[in-house]
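>>> missing the sequence, but the structure's below:
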Ligand code: HEM
């Protein structure tokens, strides 16, 4: 055996098979039976352990974004942003930080085709010297809804019908049409992405990423700046048209995972540029949209893209289960120098990810090697299921005169912006639901405009979409652009659906 392949764990360096407890397995081929034809004896502990282990191989898949592929690499700062943020990993050009990235589709299961029309996840974990930082974004810059209260219903509508397990357009269009404050507004803008060519990226390497929410950068003096994050792929953005997707997906339902893996194995390392848009929070009321509204982009003419760094993925996963299935990204995981905003959707996400991960991976999921910080860390959390941390200290309480570990010095100011207001359950004041969707559609060339019109009409032509739902949607699209609305109406009329 090649000594370099021997792993430190004693479970792996035996030259012969063993049980999990290390007992030699003297026959890994045949069960222990009474006579050559059986029955099998319960005392065949090795057999039972082997089957029991196999029976438990699957863990709950992610409730969304179950299908994905991960890769590792580094992020390197190329431009000075230290005037904007005290984030240590952004402290100076040239600083490199290891990362793991997971790309994903959203709606369908762990083994579903990677050619489906669906948003794509773009999640990056930076292993910084001041703890991990997770930028958990998507390949589209806006989101369907503004308030996490609607997220479970939205996901139910997009997921397969619970009766038939078939994804059905009428359920999506029904849900969204019933929620004008989120559907035609929030989702509307998003649908000009999802039902556009951008709805099926060629693969993971050729897609952009976005932080989607507005976050805060906080500098050493405590000054806060609103920020939007953009990942621009060096090899360019490319998409599959619907008929191409059928062919690619028919040939290989894992084409994007294979493309990523093969490119990295061949040394053709994918690379993205991290760009930011920034805004002074004092200006937040000056526009016809709310800068914290996750259904809106910030016009690049007003907020130009500024380069920050580059990310290179130069290492494939060592083990798909360990690195892809057990990795846990969470938008709440930030570092000093980066802050949340009052975006309601972001606030909901701050709760939801760690909650689902405690369920999906167990309460000690952050001790798993792929999730653990790579900087010194210390707290009094202990025990719990599958706690693999070796702790030999006697002081597991704070404060203590026997423990020199103290509160961290404040390495960066936390947000000091004052908060006030009554308890409310309302929508935001400045919804402006249609302008950006219409502008986006008008920016397409005629062939691309027509493809969007056809895809919308296809969804609304679902026999279970009622006339009411169709009329509501034609009204929404007409408010985005009168020509867009009338062209969709004409398509539906041509099919006898309106
Ligand atoms: C995954 C919830 C909105 C991007 C997930 C997961 C949950 C979730 C529960 C599974 C996590 C896991 O099992 O590890 C929510 C909620 C949202 C929301 C409640 C709204 C309130 C968004 C938005 C984005 C996004 C706006 C993009 C900016 C992602 C990504 C993943 C994910 C990329 C997959 C992470 C991975 O690769 O493991 N989300 N999500 N989600 N979500 Fe969201």
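Structure received. Small disclaimer: the values here were computed from a predicted structure and weren't measured.

>>> got a pLDDT number for residue 415?
Per-residue pLDDT puts residue 415 at 72.

>>> Determine the number of other residues adjacent to the residue lying closest to it once chain neighbours are set aside.
With CB to CB, 6 or more residues apart in numbering as the criterion, residue 415 has its nearest non-adjacent residue at 4.9 Å, and that residue is residue 339. Yep, even glycine has a C-beta here, placed from its N, CA and C like the rest. When neighbours are counted by other CB atoms under 10 Å, residue 339 registers 20.

>>> do residue 379 as well
8.

>>> and it, what are its phi and psi?
Residue 379 adopts backbone torsions of phi -160, psi -180, taken as degrees, to the nearest 10.

>>> For the residue of the stretch 151-300 of the chain found nearest the ligand, which residues are in contact?
Residue of the stretch 151-300 of the chain nearest the ligand, by CB to the nearest ligand atom: residue 212 (3.4 Å). Residue 212 sits next to 137, 138, 140, 141, 142, 143, 294 when contact means CB atoms under 8 Å, 6 or more residues apart in numbering.

>>> residue contacts, the third one?
When contacts are counted by CB under 8 Å, 6+ apart, residue 140 is found next to 119, 190, 193, 194, 198, 210, 212.

>>> My guess is the fourth one contacts residue 117. True?
What it means is residue 194. Yes: using CB atoms under 8 Å, residue 194 is in contact with residue 117, at 6.7 Å.

>>> Those two: who's more crowded?
Higher neighbour count among residue 194 and residue 117: residue 194, with 19 against 16, using other CB under 10 Å.

>>> From residue 107, how far off is that one?
For residue 194, the distance to residue 107 equals 11 Å [CB to CB, to the nearest Å].

>>> for the residue nearest to residue 415, which residues make a bridge with it?
residue 216 (DSSP bridges).

>>> For the helix or strand hosting residue 174, list every residue counted as buried.
Assessed by DSSP states H and E, residue 174 sits inside helix 169-178. For helix 169-178, burial by neighbour count (16 or more other CB atoms under 10 Å) applies to 169, 170, 171, 172, 173, 174, 175, 176, 177.

>>> show me what contacts the fifth one?
Residues near residue 173 by CB under 8 Å, 6+ apart: 459, 460, 462, 465, 469, 473.

>>> Would you map the strands across the chain?
68-77, 96-105, 120-128, 131-138, 209-210, 215-218, 224-233, 271-279, 306-316, 338-339 (DSSP state E).

>>> Quick check, residue 481 in contact with residue 442.
Yes: taking CB under 8 Å as the definition, residue 481 is a contact partner of residue 442 at 6.2 Å.

>>> Of the two, which one has the most company?
More neighbours surround residue 481 than the other of residue 481 and residue 442, with 20 against 12 (other CB under 10 Å).

>>> Identify the residue spatially nearest to the more buried one, adjacent ones excluded.
Counting by CB to CB, 6+ apart, the residue nearest residue 481 is residue 438, at 4.0 Å.

>>> you'd agree the one you found is up against residue 483?
No: if you go by CB under 8 Å, residue 438 and residue 483 don't touch, sitting 9.4 Å apart.

>>> which one of those two has more residues nearby?
Under the criterion of other CB under 10 Å, the comparison of residue 438 against residue 483 puts residue 438 first, with 21 against 15.

>>> burial of the closest residue in space to residue 474 that isn't next to it in sequence, as a residue count?
Of all residues not flanking residue 474 in the chain, residue 489 sits nearest, at 4.7 Å (CB to CB, 6+ apart). Close neighbours of residue 489, defined as other CB under 10 Å, add up to 21.

>>> and what of residue 360?
Residue 360: 16 neighbours (other CB under 10 Å).

>>> Could you do residue 486 as well?
13.

>>> Give me the nearest residue to it, chain neighbours excluded.
residue 478 (6.9 Å).

>>> Quick one: residues contacting residue 478.
Here residue 478 is in contact with 484, 485, 486, 489 (CB under 8 Å, 6+ apart).

>>> one more time with 10 Å
Going by CB atoms under 10 Å, 6 or more residues apart in numbering, residue 478 touches 434, 438, 484, 485, 486, 487, 488, 489.
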